[in-house]
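*Asks:* dropping the sequence and predicted coords here.
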Amino acid sequence: MKKLHVVIPTTTVRHLFAEHAQANIMSGNIVIPTGNKEGAYRFPDGEVYLRVPGLKHAEKIIVVHSGYPDPNGGLIELYMLLDIIEQYNPRAQINVVFTCIPYARQDKAYYEGELNAAQTLINTLTGRYGVSRVTTIDAHFAHERWTKKLPITNVSAVGHLKDTAAAEHPGIIFMAPDAGSTRRTHIKGATKQRLNSYNVTVDIGNSLSASMNGQTIGVVDDILATGTTLERFYQEAKRNGAKKVFALITHGCNPAGIERIKALYDGLYLTNSINRPEANVQLDKMLWALIIRTLSAQ
């Protein structure tokens, strides 16, 4: 039977396909790339290998990828996969879904010689590989002006995170740790002004500090890397009388940052957009709903 659509998960998102994989693989809707003779997708020297048979009848192909825990090798895997599609089925419509897009925080160039790496990545996918649309989950650059002219759709896991935390902590008050998070989530919070690629200023503000006393606070952010901003927010929240402080994070990019916040905060809600053992908020159903919408779109 002719395959009308194919979903290809890269090695970084297989954990999100476990529940649906068996039935869909048997129907031909999910194509798992073939590894080398040892069944691995990396040679001992670190080079990427994959083979993807069975693509020639697909009219629409969705590639699902997470930029972590291997941002650089993962991009090579993604580019190789797109080159395979281009070579063996150049007529297919291609969509890329990032559960966590790499290089998203490098979304501005402050100095001469710097690169907006996030924009470059999108341009490479759409220009070089002919990707029709790039879909992201809580991308750091969501709603930035430069995204308006590009075929990018951003969806958010914030509602899922908030519902999970509110079910366990009724009355929790949600805040953002900086202006960027406020822009992405529309949750009021502290203001962090990035001066350049290295330096930031943070201001909690009188109105925010006044609402913390005696309350349970949930600070919502997209990416947990070093944890420095969240550490500063926690210190300010406790200084202003917060009873408990929880972190609600979509992408846990750095294991050291995750451990830092787990040790400091009263609790961490972290999605499995990246395959981390600390993840306790599942995005499997959200991802599958997103895939179905993408397949249904013209």
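*Replies:* Looks like it came in fine.
*Asks:* please, which helix or strand holds the residue lying closest to Ile223 once chain neighbours are set aside?
*Replies:* The spatial neighbour of Ile223 that comes closest, neighbours along the chain excluded (CB to CB, 6 or more residues apart in numbering), is His251 at 4.8 Å. For the C-beta atoms, the positions are set from N, CA and C on the backbone; glycine is no exception. Here His251, judged by DSSP states H and E, is contained in strand 244-252.
*Asks:* OK, contacts around the residue nearest to Ile223?
*Replies:* Tyr68, Cys100, Asp138, Asp222, Ile223, Leu224, Thr271, Ser273, Ile274 (CB atoms under 8 Å, 6 or more residues apart in numbering).
*Asks:* check contacts around the second one.
*Replies:* If I follow you right, that is Cys100. Each residue near Cys100 by CB under 8 Å, 6+ apart is listed here: Ser66, Gly67, Tyr68, Ile137, Thr250, His251, Cys253, Ser273, Ile274.
*Asks:* ok, it to Asn275 distance?
*Replies:* 10 Å (CB to CB, to the nearest Å).
*Asks:* Phe246 against Ile217, yeah?
*Replies:* Yes. The criterion here is CB atoms under 8 Å, and Phe246 meets it with Ile217 at 7.1 Å.
*Asks:* tell me which of the two has more neighbours.
*Replies:* Ile217 (26 against 21; other CB atoms under 10 Å).
*Asks:* which parts of the helix or strand that contains the more buried one are buried?
*Replies:* If you go by DSSP H and E, Ile217 is part of strand 216-224. Residues of strand 216-224 classed as buried by neighbour count (16 or more other CB atoms under 10 Å): Thr216, Ile217, Gly218, Val219, Val220, Asp221, Asp222, Ile223, Leu224.
*Asks:* who does that strand touch, helix- and strand-wise?
*Replies:* Counting contacts by 3 or more CB pairs under 8 Å, 6 or more residues apart in numbering; DSSP states H and E, strand 216-224 is packed against helix 158-168, strand 173-175, helix 179-185, helix 228-239, strand 244-252, helix 255-264.
*Asks:* hey, what's in contact with both of Cys100 and Asn275?
*Replies:* Ser66.
*Asks:* so what's the residue count around Ile62?
*Replies:* Counted with other CB under 10 Å, residues neighbouring Ile62 total 23.
*Asks:* my guess is it contacts Val6. True?
*Replies:* Yes. With contact defined as CB under 8 Å, Ile62 counts as touching Val6 (7.4 Å).
*Asks:* now for Phe246 and Ile217: what residues contact both?
*Replies:* Between them, Phe246 and Ile217 share these contacting residues under CB under 8 Å, 6+ apart: Ile172.
*Asks:* what bridges to the most centrally placed residue in the chain?
*Replies:* With the centre of the chain defined as its mean C-alpha position, the nearest residue by CA atoms, centre = their mean is Cys100, 2.0 Å away. Beta bridges link Cys100 to Ser66, judged by DSSP bridges.
*Asks:* gap between Ile122 and Arg133?
*Replies:* Counting by CB to CB, the gap from Ile122 to Arg133 is 10 Å.
*Asks:* buried residues, the helix or strand that contains Ile291. List them.
*Replies:* In the assignment (DSSP H and E), Ile291 maps to helix 284-296. Of the residues in helix 284-296, Met286, Leu287, Trp288, Leu290, Ile291, Thr294 count as buried by neighbour count, 16+ other CB under 10 Å.
*Asks:* just name the shakiest helix or strand of the protein by mean pLDDT.
*Replies:* Ranked by mean pLDDT, DSSP states H and E, the weakest helix or strand in the chain is helix 21-27, scoring a mean of 50.
*Asks:* and Leu290, what pLDDT?
*Replies:* Leu290 carries a pLDDT score of 89 in this model.
*Asks:* for the chain, what are the low-confidence residue spans?
*Replies:* Across the chain, residues meeting the criterion (pLDDT under 70) sit at 1-3, 19-28, 191-207, 298.
*Asks:* again, only using 80
*Replies:* 1-4, 18-28, 179-180, 189-210, 295-298 (pLDDT under 80).
*Asks:* which helix runs longest in it?
*Replies:* Secondary structure assigned by DSSP state H gives helix 71-88 as the longest helix of the chain.
*Asks:* list the buried ones in that one?
*Replies:* By neighbour count on 16+ other CB under 10 Å, the buried set for helix 71-88 is Gly73, Gly74, Leu75, Glu77, Leu78, Met80, Leu81, Leu82, Ile84, Ile85.
*Asks:* from Thr228, how far out is Asp178?
*Replies:* For Asp178, the distance to Thr228 - CB to CB - is 11 Å.
*Asks:* can you check Tyr265 too?
*Replies:* Here Tyr265 is placed at a distance of 14 Å from Thr228 (CB to CB).
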